[in-house]
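Participant: Next come a sequence and a model predicted from it.
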Amino acid sequence: MSTGTFPWLKGHGTENDFVLLPDPDGSVHGDLAPELVRFLCDRHAGIGADGVLRVIEGSKQSYVEDGGDWFMDYRNADGSIAEMCGNGIRVFARYLADAGLTGDKPVRVGTRAGVKELVLNDDGTITVDMGEPAFPGPAGIVVDANGHQWPALHVNMGNPHAVAFVDDLREPGPLLDQPGWSPAGAFPSGVNVEFVVRKGTNEVAMRVHERGAGETRSCGTGTCAVAVASARAAHQERPVTYRVGVLGGAVTVTWREDNHLELTGPAVVHARGDFDRSWLPA
């Protein structure tokens, strides 16, 4: 078994929580073993989180062509690679700011879904330009959970989402298992599924099952997908702003006139320590 220690931090954005691994030159964790990610995210044997965010200098990573100022190597709790995370990237930026690694200009964070720019606001929230939504189709997608079925809209925010409107957020049940979908080939790499209810004018609430993590308290890319689906369903013109309630709080999403989405919400880093590799199972 390998030995030695490495630093870690933990933070959350609307209670979507992450373990952060500072690894500026990429030498501490190599290619980040899935078994390490699974152990760190284990809420009983490890630290506990919905995912892991490795912090690498943009010029020192080899995953994408443009790694930004800093690259967010994001892994789901099951160890699988994910393209983007709207809550995670705000926590990532909060860490950079707390560590004195940002300047006065917007922070450019590289992801597998492209470079995202973030602004740290005076009220403590963080705004991230999430880019443009895409609607890959196919038409006629249906998701199912807890013995119910709903039509859904495929919204891609760098990662895939299926957004379904329901009458009551209790209808999908406990969301312990991945909701099903049809046609079967619609999401070959899996999908995040959001269940949404309208709460008022430009206000919705949602629950989400994230691929590779299960039901989470919030999903940043999911809130963007939900705002887009809600605006389309209401035949609203851009720009339009939605307040999106999640189990862990609320965020605001603005669908700008230029088709970009801005996500604004809180992010905190609340724990840190050193992890000894000898604690890992054999």
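Facilitator: Sure thing, it's come through.

Participant: Tell me who's in contact with the residue nearest the centre of the chain.
Facilitator: Nearest residue to the geometric centre of the chain (Cα atoms, centre = their mean): residue 85, 2.5 Å. Taking Cβ atoms under 8 Å, 6 or more residues apart in numbering, we find residue 85 in contact with 16, 18, 51, 53, 72, 74, 219, 220, 221. (C-beta placed from N, C-alpha, C; glycine too.)

Participant: just for the protein, where's the confidence low?
Facilitator: Applying pLDDT under 70 to the chain flags the ranges 1-3.

Participant: Pop the domain breakdown of it in here.
Facilitator: The record's domain split for the chain, according to automatic domain parsing, is 5-124+267-279, 142-265.

Participant: Can you add distance to residue 131 and give those back as TSV?
Facilitator: Conversion of the domains of the chain to TSV gives the following (distance: least, Cβ to Cβ, whole Å):
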stretch	distance to residue 131
domain 5-124+267-279	6
domain 142-265	6
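
Participant: Ok, which of the ones you listed comes nearest residue 133?
Facilitator: When those are compared by Cβ to Cβ, domain 142-265 sits nearest residue 133, at 4.8 Å.

Participant: returning to what we had before: among the contacts of residue 85, which pair sits farthest apart?
Facilitator: So for the contacts of residue 85, where distance means Cβ to Cβ, the most widely separated pair is 72 and 219, at 15.5 Å.

Participant: Neighbour count: these two, which is higher?
Facilitator: The neighbour comparison of residue 72 against residue 219 (other Cβ atoms under 10 Å) goes to residue 219, with 34 against 28.

Participant: and the nearest residue to the more buried one once chain neighbours are set aside, what is it in contact with?
Facilitator: Distance criterion Cβ to Cβ, 6 or more residues apart in numbering; nearest residue to residue 219, sequence neighbours excluded, is residue 208 at 4.4 Å. For residue 208, the contacting residues are 192, 193, 194, 195, 215, 216, 218, 219, 222, 246, by Cβ under 8 Å, 6+ apart.

Participant: So which residues of the stretch 101-250 of the chain form strands?
Facilitator: 107-111, 114-120, 126-131, 142-145, 148-151, 153-156, 160-165, 180-182, 192-200, 203-210, 214-216, 240-246, 249-255 (DSSP state E, counting those that start in this stretch).

Participant: name the helices or strands packed onto the longest one?
Facilitator: Right, strand 192-200. strand 142-145, strand 160-165, strand 203-210, helix 220-233 (3 or more Cβ pairs under 8 Å, 6 or more residues apart in numbering; DSSP states H and E).

Participant: can you check the fifth one too?
Facilitator: Strand 148-151 is packed against strand 142-145, strand 160-165, with contacts defined by 3+ Cβ pairs under 8 Å, 6+ apart.

Participant: just the third one next, same as before
Facilitator: Counting contacts by 3+ Cβ pairs under 8 Å, 6+ apart, strand 126-131 is packed against helix 86-98, strand 114-120, helix 220-233, strand 261-265.

Participant: repeat that for 10 Å
Facilitator: helix 86-98, strand 107-111, strand 114-120, helix 220-233, strand 249-255, strand 261-265 (3 or more Cβ pairs under 10 Å, 6 or more residues apart in numbering; DSSP states H and E).

Participant: can you pull the buried residues of the longest one?
Facilitator: Of the residues in helix 220-233, those buried under the neighbour-count criterion (16 or more other Cβ atoms under 10 Å) are 220, 221, 222, 223, 224, 225, 226, 227, 228, 229, 230, 231.

Participant: Kindly indicate which of those residues lies nearest residue 66.
Facilitator: residue 221 (19.4 Å).
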